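>>> Predicted model and sequence below, questions to follow.
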Amino acid sequence: MKQLTIYRILTYILIPVACFFGLMGFLILIPAIGNPPMWFMLFMFASLVIYTFSSLKFISNGIERNAPCKTSLRDWIRVNAFVCLGMGALFFLNAVGIFMLGPVALQDFVEKAMESQPNLPEGIDSGFFVSILRGVAGFMLVVSILILVHVILGFKMLKKFGHLFSQSTLS
């Protein structure tokens, strides 16, 4: 039961994260039409949203009410969980990579990136960008750990409560 409680808490924590990524996906929807490489990012954001709300439906309808669930719900959770595993791994590797850079290397990276952007306003310094980069890396690290733990627990819950998806209970 301890795993179920952790799974439930993580699901409710992931709801605002999924809403944030849903908003981000909505904002990049129009630019993605003309830029096919952005489709991958849009696909990953949509998968996180679908996975989170499918998991919420599984918890609220299946586990808490002990009501039978459609097998398509299990399939939605599984398919999007694999995408979320990839997304969580990418976020984790990116965050760890940023944190593993020393302060000097990170400062050099930011300064080179700023030099390649000629349209930046004059008052912006590299220290500001370093702090933003570290903040985003921290956010990505926390989100990646949440996603990875939730997906692992989600697979365990699907297995444990697999009887809720049996065809005979739906007819």
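Structure received.

>>> When you work out contacts or count neighbours from here on, use the C-alpha atoms and nothing else.
Will do.

>>> Residue 48 and residue 20 touch, don't they?
No: Residue 48 lies out of contact with residue 20 (CA atoms under 8 Å); the separation is 10.4 Å.

>>> more crowded one of those two?
Neighbours were counted for residue 48 and for residue 20 using other CA atoms under 10 Å; residue 48 has more, 27 against 14.

>>> from the middle of its chain, how far away would the helix or strand where that one lies be?
For residue 48, the host element (DSSP states H and E) is helix 38-57. Relative to the centre of its chain, helix 38-57 is centred 8 Å away, using CA atoms, centre = their mean, to the nearest Å.

>>> Could I have the CA atoms of that helix written out in PDB?
The C-alpha trace of helix 38-57 is given here as PDB (Å, rounded to 0.1, in the frame of the first residue of the first chain):
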ATOM      1  CA  MET A  38       9.600  20.600 -33.300                       C
ATOM      2  CA  TRP A  39       7.000  17.800 -33.900                       C
ATOM      3  CA  PHE A  40       9.200  15.500 -31.700                       C
ATOM      4  CA  MET A  41       9.100  18.000 -28.800                       C
ATOM      5  CA  LEU A  42       5.300  18.500 -29.300                       C
ATOM      6  CA  PHE A  43       4.800  14.700 -29.300                       C
ATOM      7  CA  MET A  44       6.800  14.300 -26.100                       C
ATOM      8  CA  PHE A  45       4.800  17.100 -24.300                       C
ATOM      9  CA  ALA A  46       1.500  15.600 -25.500                       C
ATOM     10  CA  SER A  47       2.600  12.100 -24.300                       C
ATOM     11  CA  LEU A  48       3.300  13.500 -20.800                       C
ATOM     12  CA  VAL A  49      -0.100  15.100 -20.600                       C
ATOM     13  CA  ILE A  50      -1.900  12.000 -21.900                       C
ATOM     14  CA  TYR A  51       0.100   9.800 -19.500                       C
ATOM     15  CA  THR A  52      -0.600  11.900 -16.500                       C
ATOM     16  CA  PHE A  53      -4.300  12.300 -17.000                       C
ATOM     17  CA  SER A  54      -4.700   8.600 -18.000                       C
ATOM     18  CA  SER A  55      -3.000   7.700 -14.700                       C
ATOM     19  CA  LEU A  56      -5.300  10.000 -12.800                       C
ATOM     20  CA  LYS A  57      -8.300   8.300 -14.400                       C
END
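
>>> does residue 121 count as helix, strand or coil?
Here residue 121 takes the coil state, with states given by DSSP: H, G, I helix; E, B strand; the rest coil.

>>> For burial, what's the neighbour tally of it?
For residue 121, the neighbour count with other CA under 10 Å is 8.

>>> backbone phi and psi for it, please?
Phi and psi for residue 121, reported as degrees, to the nearest 10, are phi -60, psi 160.
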